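Peer 1: here is the input, now give the coordinates:
(2 chains)
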Amino acid sequence: MPILTITFAIIVIWYLACIPMNAVLTTPKIANAGGGLANTLAYSWNEVRPVLPSPHQVAREIWNTVFAVAPWTIKSLVYHLWVTLSSTLVGFIMGGLLGILLAISIVHMTSLEKSLMPWVIASQTIPILAIAPMLIVVLGKTGLPDIFTKASISAYLCFFPVTIGMVKGLRSPDVMQQDLMRTYNASWTQTLWKLRLPASLPFLFTSLKVSVAIALTGAIVAELPTGAVAGIGARLLNGSYYGNTLQIWSALFVAAFAAAMMVWFLGELEKQSLKRMGAKP
Amino acid sequence: MKRAVVTLLVSLGLSILVAVSFSRTNPPTGRDWSLSLAFVICSWVAAWSASWVADLVLPKAQTRWIVPTIFGLGIIAAWEAYVRASAIPVVLLPSPSEIAAKFVAALPILKADFVQTILRAVIPGWLMGSGAGFLAALVCDRNDFLRRGLLPLGNLVAALPIVGVAPILVMWFGFDWPSKAAMVVVMTFFPMLINTLAGLNASGQMERDLMRGYGADWFTTLIKLRLPAAMPFIFNALKINSTLAMIGAIVAEFFGTPIVGMGFRMSTEVGRQNLDMVWAEIAVAAISGSFFYGCLSLAERKVTFWHPSYRR
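Peer 2: Numbers count the residues shown, from 1 in each chain, chains lettered A, B, ... in the order given. Alright, predicted model coming up:
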């Protein structure tokens, strides 16, 4: 109930904000039409290229570009979303695997932790997202397929939360449990497989949820320098070039929806796998 | 010990071997993937085993700084060797020495960009966004209805690709730094809100009951108990925000900017194939980012000295 109230309040504020935000464009038109509240609202909420589009305009634009056109044409947002999502997922899988491998080797080799861990952290103080477009151009020259270069940005962003979370998770079994494994004479692979990995699952899912969201961000930013061919990022850039605010807003909402869906899906996966491992609901 | 030294020697020898075979291929090319990959792996192992040896040889107190430094220097040395041996074109990958030379030569430009992006957009935006998030968290803490409405929304927004707002903000606030600062504010607000809210709930029930037993009001409890308990969370948010702020400001510059700024410089110099200049900007970003992060860590250490992670 509070969520609904807040959402409703935001929509109301949004509608109200449309009036002053669009005033630059609408004031002469309203004056021509004779002023009055009805005219003000009509013009403020239905501008063709508004500074701030009203919610129903955005909704209509999304409807027009998602459902009203065939999904494989360049005008369809579904097509652009698919372009972005495919590189997001490839990058997410690459980054996730890299993160898990790094975490496993860090947990098993102390010298690796000392030498690598500070650099793993330092690697994230560089605003990689900001330099992503350069990397895209450079990687593009090496002749790798396009999706791979975009995915590598996502992977670079993804691996960090996974590594940090997994190192914590793999270390989460306490000394008693590790001692028990030792008394069983378990090899390190057995300890890893039967004790450390299961214990790290909750940590893994938490990190994965963070990573999938930033993977999408990475994929969108990675599309900016490729000349705005296809993808959500291309839609954003195109929209900002031509002042087509409706296009920007609808692309933004569709991307937000996709991110929320992916996080939700991982959450469900987490629930199911933890349930099968015997966690309390 | 023996194993570490053997690994170091073998990997060093292998990397030299690969580097030599690189420079022998005629004409030398940077695009020989198998050789490149072999070199990257060998030199990485070499750098790592060097730090391994250092870890074993040096007294324990020094390893914290020296081991990662040796590893980093090893990587830079390998980078330099790779660029020289493979004669890879500068438009693909300049060597560290070229980047350093460019860095010194272009110092005035770099300084102007630094002022425009970091001092005008990142730091004010970071302060305003984090401050606003903190205040919003306090308001939410007083008003449970607002908290239950805003918290799920904040969690949702945290998962969204917020950088997408950049073109809209550039449209609203113009090309100069205000739009970049606004972008930073938008990006840093919600992480601060979520983390502060989590932090305010971090103090235990017993401690809160004690405060109530003393007859402390909300404000006193906040200052004496809950804010100190929330500090680790707040610093966590500040650290996350320091990276987000850099990203926000630079990405916003891709969507429209005056002719100064780090994001602007990077995108134009890539277009002009001056990769060494781009890497110099990246170095500026990395140095100032790490410096920022380091200062925050120091402050965190001072403020949250009681936290278990700093116990010896």
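
Peer 1: which parts of chain B belong to which domain?
Peer 2: B:2-88, B:103-310 (automatic domain parsing).

Peer 1: winner for burial among these?
Peer 2: domain B:103-310 (a mean of 19; mean count of other CB atoms under 10 Å in any protein chain shown). C-betas here are computed from N, CA, C, even on glycine.

Peer 1: tell me how far that one lies from the chain's centre.
Peer 2: 12 Å (CA atoms, centre = their mean, to the nearest Å).

Peer 1: leaving out the residues flanking it, which one is nearest to residue 137?
Peer 2: By default, I'm working from chain A. residue B:270 (5.2 Å; CB to CB, 6 or more residues apart in numbering or on different chains).

Peer 1: sorry, I should have been clearer: chain B.
Peer 2: Nearest residue to residue B:137, sequence neighbours excluded (CB to CB, 6+ apart): residue B:196, at 3.6 Å.

Peer 1: and the one helix or strand that neighbour maps to, what does it pack onto?
Peer 2: For residue B:196, the element it lies in under DSSP states H and E is helix B:177-200. Counting contacts by 3 or more CB pairs under 8 Å, 6 or more residues apart in numbering or on different chains; DSSP states H and E, helix B:177-200 packs against helix B:123-142, helix B:144-158, helix B:166-173, helix B:227-254.

Peer 1: pLDDT (mean, whole number) over it?
Peer 2: Across helix B:177-200, pLDDT averages out at 86.

Peer 1: next, the angle from the helix or strand just after that helix to helix B:227-254.
Peer 2: Downstream of helix B:177-200, the next assigned helix or strand under DSSP H and E is helix B:205-213. Computed by axes from the mean of the first three to the mean of the last three CA atoms, to 10 degrees, the angle separating helix B:205-213 from helix B:227-254 equals 110 degrees.

Peer 1: tell me the mean pLDDT over the helix or strand following helix B:205-213?
Peer 2: Sequence order places helix B:218-221 as the next helix or strand after helix B:205-213, per DSSP H and E. In this model, helix B:218-221 has a mean pLDDT of 87.

Peer 1: thinking again about what came up before, looking at the domains of chain B, which has the lowest confidence?
Peer 2: Across these, domain B:2-88 gives the lowest mean pLDDT, at a mean of 73.

Peer 1: and that one with chain A, contact?
Peer 2: Yes: counting by CB under 8 Å from any CB of the partner chain, contacts between domain B:2-88 and chain A involve B:4, B:31, B:47-48, B:51-52, B:55-56, B:63-64, B:67-68, B:70-72.

Peer 1: max pairwise distance over those residues: which two?
Peer 2: By the measure CB to CB, B:31 and B:64 form the most distant pair in these, at 39.6 Å.

Peer 1: so what's residue B:244 up against?
Peer 2: B:184, B:187, B:188, B:191 (CB atoms under 8 Å, 6 or more residues apart in numbering or on different chains).

Peer 1: tell me how far the first one lies from residue B:118.
Peer 2: Going back to what we said before, that points to residue B:184. 11 Å (CB to CB, to the nearest Å).

Peer 1: which residues are common contacts for these two?
Peer 2: Looking at what touches both residue B:184 and residue B:118 (by CB under 8 Å, 6+ apart), the common residues are residue B:249.

Peer 1: name the residue closest to the centre of chain B, please.
Peer 2: residue B:243 (4.7 Å; CA atoms, centre = their mean).

Peer 1: re the thing from before, make CSV out of the domains of chain B and add distance to residue A:154.
Peer 2: Converted to CSV, the domains of chain B look like this (distance: least, CB to CB, whole Å):
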stretch, distance to residue A:154
domain B:2-88, 21
domain B:103-310, 11
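
Peer 1: out of these, which is closest to residue A:172?
Peer 2: Closest among these, using CB to CB: domain B:103-310, at 15.4 Å.

Peer 1: so what's the closest residue to residue A:51 other than its chain neighbours up against?
Peer 2: Excluding the flanking residues, the one nearest residue A:51 by CB to CB, 6+ apart is residue A:21, at 4.8 Å. Taking CB under 8 Å, 6+ apart, we find residue A:21 in contact with A:50, A:51, A:52, B:172.

Peer 1: for residue B:227, same thing?
Peer 2: Neighbouring residues of residue B:227 by CB under 8 Å, 6+ apart: residue B:200.

Peer 1: ok, back up a step: how close does the residue nearest to the centre of chain B get to residue B:296?
Peer 2: The value you get for residue B:243 to residue B:296, if CB to CB is used, is 11 Å.

Peer 1: same thing with residue B:212?
Peer 2: On the measure of CB to CB, residue B:212 and residue B:296 end up 33 Å apart.

Peer 1: same check, this time on residue A:269
Peer 2: 34 Å.

Peer 1: could you do residue B:78 as well?
Peer 2: 31 Å.

Peer 1: then residue B:121?
Peer 2: Counting by CB to CB, the gap from residue B:121 to residue B:296 is 18 Å.

Peer 1: repeat for residue B:214
Peer 2: Residue B:214 is 33 Å from residue B:296, by CB to CB.

Peer 1: so who does the closest residue to chain A within the stretch 1-150 of chain B touch?
Peer 2: Proximity of the stretch 1-150 of chain B to chain A (CB to the nearest CB) peaks at residue B:149, 3.2 Å away. Residue B:149 sits next to A:2, A:3, A:5, A:6, A:7 when contact means CB under 8 Å, 6+ apart.

Peer 1: tell me which element the closest residue to it other than its chain neighbours falls in.
Peer 2: Nearest residue to residue B:149 in three dimensions, chain neighbours excluded: residue A:6, at 3.2 Å (CB to CB, 6+ apart). In the assignment (DSSP H and E), residue A:6 maps to helix A:2-21.

Peer 1: could you list the domains of chain A?
Peer 2: According to automatic domain parsing, the ranges for chain A are A:2-52, A:77-276.

Peer 1: reformat these as CSV; add mean pLDDT.
Peer 2: Converted to CSV, the domains of chain A look like this (pLDDT from 0 to 100):
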stretch, mean pLDDT
domain A:2-52, 73
domain A:77-276, 81
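
Peer 1: and those domains, which is most packed in?
Peer 2: Using mean count of other CB under 10 Å, domain A:77-276 ranks as the most buried of the domains of chain A, with a mean of 20.

Peer 1: out of the domains of chain A, which is closest to residue B:222?
Peer 2: The nearest among the domains of chain A, by CB to CB, is domain A:2-52 at 22.6 Å.

Peer 1: got the end-to-end distance for that closest one?
Peer 2: For domain A:2-52, the separation between the terminal residues is 26 Å (CA to CA, to the nearest Å).

Peer 1: how far away from the center of its chain is that domain?
Peer 2: With CA atoms, centre = their mean, you get 30 Å for domain A:2-52.

Peer 1: list the contacts for the residue nearest to residue B:149?
Peer 2: Residue A:6 neighbours (CB under 8 Å, 6+ apart): B:146, B:149, B:150, B:153.

Peer 1: how near is it to residue A:210?
Peer 2: 24 Å.

Peer 1: now residue B:42
Peer 2: According to CB to CB, residue B:42 and residue A:210 sit 33 Å apart.
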